[in-house]
Every structure is written in C-alpha cells, then in structure tokens.
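Student: 3D, please:
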Amino acid sequence: MSAPQFRTAVAIAAATGLAGLSLAACSTKNDDDGSSRSGGKVAITVDCQPVAAQAELLKNWNEDVAAFEKANPTIDVKSVSVGTQCNNPPDFTARLQGGTTTDVFYAYMTDLQQVLDSGQVMDISQYVSTETIPTWNDIDPAAKAAFSSDGKIYGIPTKNYSMGLVYNKTLFQRAGLDPKNPPKTWPEVRAAAKKIAALGDGIAGYAEYSAGNTGGWHFTAELYSMGGQVVTADGKKADFNNAMGKQVLQNLKDMRYGDNSMGDKQLLQWADLLTNAAAGKVGMFIGAPDATTAIVTQFQGRYQDWAMGPMPGQDGPAKGTLGGGEGYFFAKGLSAEQVKAGLRWLAYEKLTPGKGQFDYVRAKPQNQPVGLPQPQLFTVGSPTYQQELQLRKANANIDVEDFAPFENNPVPVKVEPPNAQAIYAVLDSAMSAVLTDPDADIDELLATAEGKVNQILANG
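Tutor: Prediction:
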C-alpha cells in the first residue's frame, strides 16, 4: 500500500522484472586499482527504480539519472528495479544473504540490524560530509541514527514519516470545534470525539484499528505517546504491561463504551478505517501525513476535508510517536570512488530541495500531492528545511496550513520494536477485546499479551 507506516505490515505482491540487470549480477566489480569503471567512468548500481507500470515515476527517474550524469560526467548510474515494493522483506533478505544486492541498496530504517548481521554492508563514515551531501548537516539526527551504529555510518536516510492526529476539518466545524486547534491530549481527544459523534448519522468521533496487525501497530504508537516502550531496551522482554499500557486501553474503552463515540463497527483494518474516513464517517484517527493521500487516491475522499495535528499526549505534549522510513546502504567492497558517487547520487535524487523527490515544480502538474510535510528529513528551522518549505508552499496543491499544527510541533520519533509484526498480531487481541467487549479485563489482556510476546522474543 502507499502508506509507508504500514508497508511492513501488509505483504504486497511485487513484480520482480529487472531493468536490464539480473539480481545475480547487481553489483559492479572492482578493477585492480579499487575502482569500478564503465567506459572510463565510475559505475554504480542502484535499486528501487520504478517499474514499467509506474510510467510517470519511471520517466521522472530516468530524466533525473540523465541530468545527474550530465552534471557528473565521470559517474555512470545503472538502475535496477526490484518491483513495486522496493523492499519486499523475503526477497530483500534473500538478496542480502546471497550477496546480490546492488552497490547502493534500498532498505527500511528497521533493517539496520539485519543488514549489519549479514556482513554485506560497508562503513561509509569517512566519506559522508557536506562535500558529498551538501545538506547533510540539516538532516534530522534521528533519521541519521537509524542508519548508524556504534558511531559509524552505514546508510543514508532518504525518506521518513511520523504519526500524529489526522482529523476531519469539516466535521470539526459542524461539531463546533476549532479546526485550527486540534486536541493535544488524549482527554481532549475524548472530549472532541463525543461532540463529533453527537452529529449522528453513523459518524465515529474517533476511529481505531484492531485487526490484521493494525491494532498492535496503533497500540505501539499510542504507548509511545505515553512515554512507554513495547519491549525493554535490550529487546529481550515485553514492557507494556504497566500503567502506560493500561492507560492506552482504558482511553479506548472509555471512548467506546463510556461515551459511545467510536461507533459500533469495530475490528477495523487499514482499508476499513480509510474507507469510512473518505465517506465522512470518521472525525479523528492516528496516522501519518500520507494517510490523507490514501483517503483521496484510493478511497475517493477529498484533501480539503483533512488536517493534522501532533500525536496527543496523556497529560501534556506526547512524549514520543511511532515513525519510520527508508534509505540506502552501501554494499561491502565498494571503492572510495563508488561510495562517493553513490552519495552524490543520493544527494541529488533524495536530499536536495527542488531536485528528485523534492522537485515540486514537476510533481504538481503530474497531480502528485504537494504540500504534505512528508518526508520530514530536514530539521525544522534549518536552512534546508526553510528552502524545502518555501518550494512546497509555492507549488502546493494541498493546503500546507492544514498540516502546520503537526509540522510545527514535532514529537520525538521511535521506530518499531523488534519482531514487530508478530508482536502486533498479539496486541491485536487486546485492542479488539476492549473495543468489542464492555466487560474486557484490561489487566488480564495485557498479562496474556505479555506472556505471548515474551515467548516471541525468546524464540528470536
């Protein structure tokens, strides 16, 4: 699906046709002098090229490669497509273990440990600077950290997101709420949900997932907002059977049964909730900025109905939120020239306002959404952030101000726990129980889930 925050939760059938290269021969070979050259140029292979079915995106990619090579005549970029889902986890793991990745290869932020364990990645610390990536100093430190370990840089972040409160401005206005001042705490969310649900007509003031691993995913995001964590810092034990985990479930139970502000239809998965949202039947839910894109492009909703605020906290600003993203690692054995060439390509295509993914002038007439605060790669207030923001505002086809409460109030981002999907499946049971059973025992639900998660973690 298009929403990055749920890529790893849903298996997408990925096309595996390649653009001129076989996976068994993705990496270029070093010459005797340590460089890899094609016709006198430094050659690098890079994956995640759009597939043929993504005609417009593929055209943009090819144009960018041509422009980059013209500006860097000593570099030859060889593009590889690995399907519509650039990191289909089983395929990615197989390529990683088999040593058949491209020289510069795409991965999720949560893949760092797997990549390190494979022994197929290169420490690129000595090559990363403002010479190879001019915007490096303005990139969000948390995004950088996701590709670093023990003070060493192994990859470059190229896209990221975090979750907040997505809300329907139209329903806010009808319920007498201020669409420019969204709830900032869970008690405020509860109060707003009651007013929105009072509109009737089957409208849920607040909607929540509880099936297909989505419930556990949202439990994690909401636990982070309390300052909690799903597993201990060493990753060996569950750490949600506590006051913060109980508060997450109690908030939902109170809205569902104390207030009847969440509607009768529960056990919602991703498409269920967004279908209801697009139909104007949802006042608020937790999501990333591009959840609005899915509402519009996949479920026939309207951008003008939606806005976004930061993740709510319990008694004040949220202490954390779930986030994630993607980037590129560098295969072991590359020459210095290849690493520098790869960094320059990523800088051009992924990390420069006005170029590549930030080419808003090109994106707007192609009806790609322009105006969302995603990716959130640059530190708010930094020179690169200001430059990107001005370009985004100048070319927006979505009202940038609708996302200002979210963008201007950043919340510390935490990534998914280890064994995330297995853990989410367990936590689905707790989420579904409190949303379908008014007599659900929260203590018992969390204790049961804790035992199951501990078993998952013990089995690795």
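Student: can you give me the strands for this structure?
Tutor: Assigned strands in the chain, in chain order: 37-38, 41-46, 75-79, 104-108, 148-149, 152-153, 155-162, 164-168, 284-287, 306-309, 321-330, 413-414 (criterion: DSSP state E).
Student: save those as TSV, and put in distance to E131 and mean pLDDT too.
Tutor: All C-beta atoms are positioned from the backbone trio N, CA, C, and that covers glycine. What follows is these, written out as TSV (distance: least, CB to CB, whole Å; pLDDT from 0 to 100):
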stretch	distance to E131	mean pLDDT
strand 37-38	21	58
strand 41-46	16	96
strand 75-79	15	98
strand 104-108	18	96
strand 148-149	19	96
strand 152-153	15	98
strand 155-162	14	96
strand 164-168	35	98
strand 284-287	38	98
strand 306-309	36	98
strand 321-330	17	96
strand 413-414	28	94
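Student: what about the protein, any weak spots by pLDDT?
Tutor: Applying pLDDT under 70 to the chain picks out residues 1-39.
Student: try 80
Tutor: Scanning the chain for pLDDT under 80 picks out 1-39, 85, 460.
Student: show me how it divides into domains.
Tutor: 4-162+324-401, 165-322+411-458 (automatic domain parsing).
Student: neighbours around Q366, how many?
Tutor: 12 (other CB atoms under 10 Å).
Student: which ones are touching it?
Tutor: Residues in contact with Q366 (CB atoms under 8 Å, 6 or more residues apart in numbering) are E56, N60.
Student: look up how far N395 lies from it.
Tutor: 11 Å (CB to CB, to the nearest Å).
Student: try D428
Tutor: Applying CB to CB to D428 and N395 gives a distance of 40 Å.
Student: neighbour-wise, which of the two wins?
Tutor: Neighbour tally, D428 and N395, criterion other CB under 10 Å: the higher count belongs to D428, 24 against 17.
Student: tell me which residues of stretch 290-310 come out buried.
Tutor: For stretch 290-310, burial by neighbour count (16 or more other CB atoms under 10 Å) applies to 290-296, 301, 303, 305-310.
Student: what residues sit buried inside stretch 108-126?
Tutor: By 16+ other CB under 10 Å, the buried positions in stretch 108-126 come out as Y108, M109, T110, D111, L112, Q114, V115, S118, Q120, V121, M122, I124.
Student: brain fart, stretch 193-210
Tutor: Those would be 193-197, 203-210, for stretch 193-210 by 16+ other CB under 10 Å.
Student: ok, L116 - contacts?
Tutor: By CB under 8 Å, 6+ apart, the contact list for L116 reads S149, Y154.
Student: right, and T102 touches V46 too?
Tutor: Yes. Counting by CB atoms under 8 Å, V46 is a contact partner of T102 at 5.7 Å.
Student: shared neighbours, these two?
Tutor: Joint contacts of T102 and V46 (CB under 8 Å, 6+ apart) are V80.
Student: between those two, who's got more neighbours?
Tutor: Neighbour count, other CB under 10 Å: between T102 and V46, T102 has more, with 27 against 23.
Student: and that one, what are its phi and psi?
Tutor: phi -70, psi 170 (degrees, to the nearest 10).
Student: picking up where we left off before, of the strands of the chain, which approaches A433 most closely?
Tutor: Comparison of the strands of the chain against A433 by CB to CB identifies strand 284-287 as nearest, at 18.9 Å.
Student: mind listing what the closest one pairs with, with the direction of each?
Tutor: Paired with strand 284-287 in the same sheet, following DSSP bridges, are strand 164-168 (antiparallel).
Student: neighbouring contacts of the partner strand?
Tutor: By CB under 8 Å, 6+ apart, strand 164-168 touches 179, 182-183, 189, 196, 277, 280, 282-289, 291-292, 305-312, 321, 406, 411.
Student: then stretch 57-68?
Tutor: In contact with stretch 57-68 (CB under 8 Å, 6+ apart) are residues 49-52, 75, 77, 79, 344-345, 348-349, 355-356, 359, 362, 366.
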